[in-house]
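Novice: Below is the sequence, then the predicted model.
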Amino acid sequence: MACIPQQEIDDLKQRLSLVEVATSQGDKLKAQGKDSLVCLCSFHREKPPSCAITPSKNLFHCFGCGAYGSVLDWLIKTKHLTFLDGQHRLRALGKSPGLLAPSSVAAAPVTPLVPLRQKLADLDDDGQ
């Protein structure tokens, strides 16, 4: 297997949503705070959730065992992959449209489902 260029890896780490990858692996995420989600850590046994995912930064950190990193690190650790295998798995996931981060998906034009109401005439207007 050939090494994937660093620029492509960096691009994939920004485009792939860590939240989507974690939920696709069966992790139950719960909102905590303004910009954080927590779940049970996949890397050690615990009862209260201590693994925090910050969607805006697309990073995770476990306050219980100290594990941290990007979506690539998450894949390597949860799937017990080598670095090179993790890169290839990341590339394969990059082709899955359901795992893209919301900021990387182009916004489609929104068309209203109901026709817009016409502007009401001003009752004080005498027409002149």
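Specialist: Structure's in. What do you need? Everything numeric in this text was worked out from a predicted model, so none of it was measured.
Novice: pLDDT wise, what is the most centrally placed residue in the chain at?
Specialist: Compute the mean C-alpha point of the chain, and by C-alpha atoms, centre = their mean the closest residue is S17, 2.5 Å away. At S17, the pLDDT value in this model is 91.
Novice: Repeat that for the one 4 residues further on.
Specialist: In the predicted model, V21 carries a pLDDT score of 92.
Novice: got it, and A106?
Specialist: So A106 comes in at 38 (pLDDT).
Novice: The residue nearest to the centre of the chain is in contact with K57, isn't it?
Specialist: No: with contacts counted by C-beta atoms under 8 Å, S17 stays clear of K57, the gap being 11.8 Å. Every residue, glycine included, has its C-beta placed from N, CA and C.
Novice: Could you give me the buried positions within stretch 16-30?
Specialist: Across stretch 16-30, burial judged by 16 or more other C-beta atoms under 10 Å covers 16-23, 27, 29.
Novice: typed the wrong thing, it's stretch 73-83
Specialist: Judged by neighbour count (16+ other C-beta under 10 Å), stretch 73-83 contains these buried residues: 73-78, 81.
Novice: So which of the buried residues of stretch 16-30 sit within helices?
Specialist: 18-23 (DSSP state H).
Novice: before we move on, the earlier item: which one of the buried residues of stretch 16-30 sits closest to E8?
Specialist: L16 (11.9 Å; C-beta to C-beta).
Novice: Read off the pLDDT value for the residue nearest to L16 when sequence neighbours are not counted.
Specialist: Leaving aside its sequence neighbours, L16 sits nearest to V71 (C-beta to C-beta, 6 or more residues apart in numbering; 4.9 Å). On the pLDDT scale, V71 is placed at 94.
Novice: for V71, what are its contacts?
Specialist: With contact set as C-beta atoms under 8 Å, 6 or more residues apart in numbering, V71 has these partners: 12-13, 16-18, 21, 58, 90.
Novice: need these in a markdown table with distance to G66, can you?
Specialist: Formatted as a markdown table, these follow (distance: C-beta to C-beta, whole Å):
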| residue | distance to G66 |
| --- | --- |
| L12 | 25 |
| K13 | 20 |
| L16 | 23 |
| S17 | 23 |
| L18 | 17 |
| V21 | 20 |
| N58 | 19 |
| L90 | 22 |
